[in-house]
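J.: With the input below, show me the fold.
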Amino acid sequence: MPLRPPRDANGNVVPHDHPEILDQHGVIRRISEEHIVDDEKCSTGRRISTMLFRASSGPNGGMSVDLQSEIEKDGHDATEYVTTPRFFGSVRLQAGQYRGLGFRVGADPIPTNEYHGEVWGTFTKGSAE
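T.: Presented below is the predicted three-dimensional model:
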C-alpha cells in the first residue's frame, strides 16, 4: 500500500516531510531530454542541466521524484521503473541529503504513478549544483 500524504480541504497534497521515508531511502529524479543541454566545455558536448534539480511545474512548487523504497516494497525493479517509458536515465540521492539542505521529502502519488513523491523547499543555484 502506497504512503498516504496529508491533503488540504480540496484534496491537494500538502508539502510535508514523510516520517516513513527514512534518510537512507533513495529519492530518484528522472532525466528526460529537456534536462540535457549542449556544452562545448564538456568532453561529450552535452551535460545534465542544473534545471534537473529545480522545482517541477506542479501546484506545490516541489521537485518530482520517485520513492525507491516504495517501488521496491511492491516488488518492482526501481531501475526499470524510473526509465520506462520515456526517460533514458535517472539520478538517485538519499532523502537525508535533501533534508540536510533544508528540504522536505514526502509522498505525492499521482494517477499515473503511485510511487511519486516531491521534494519541497527553496531551490537555489547552490542547491542545484
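J.: Any stretches of the protein with poor pLDDT?
T.: 1, 58-59, 85, 125-129 (pLDDT under 70).
J.: how about the strands in it?
T.: Listed in chain order, the strands of the chain (DSSP state E) span 26-31, 36-38, 46-48, 63-67, 89-94, 104-107, 116-120.
J.: Any chance of a markdown table for those strands, columns distance to H76?
T.: Placement of C-beta: from N, CA and C, glycine included. Shown next, in a markdown table, are those (distance: least, C-beta to C-beta, whole Å):
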| stretch | distance to H76 |
| --- | --- |
| strand 26-31 | 12 |
| strand 36-38 | 26 |
| strand 46-48 | 25 |
| strand 63-67 | 10 |
| strand 89-94 | 14 |
| strand 104-107 | 16 |
| strand 116-120 | 13 |
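J.: Which of the ones you listed sits closest to A9?
T.: Nearest of these to A9, taken as C-beta to C-beta: strand 104-107 at 18.3 Å.
J.: could you say what helices and strands that closest one packs with?
T.: Packing partners of strand 104-107 (3 or more C-beta pairs under 8 Å, 6 or more residues apart in numbering; DSSP states H and E): helix 95-99, strand 116-120.
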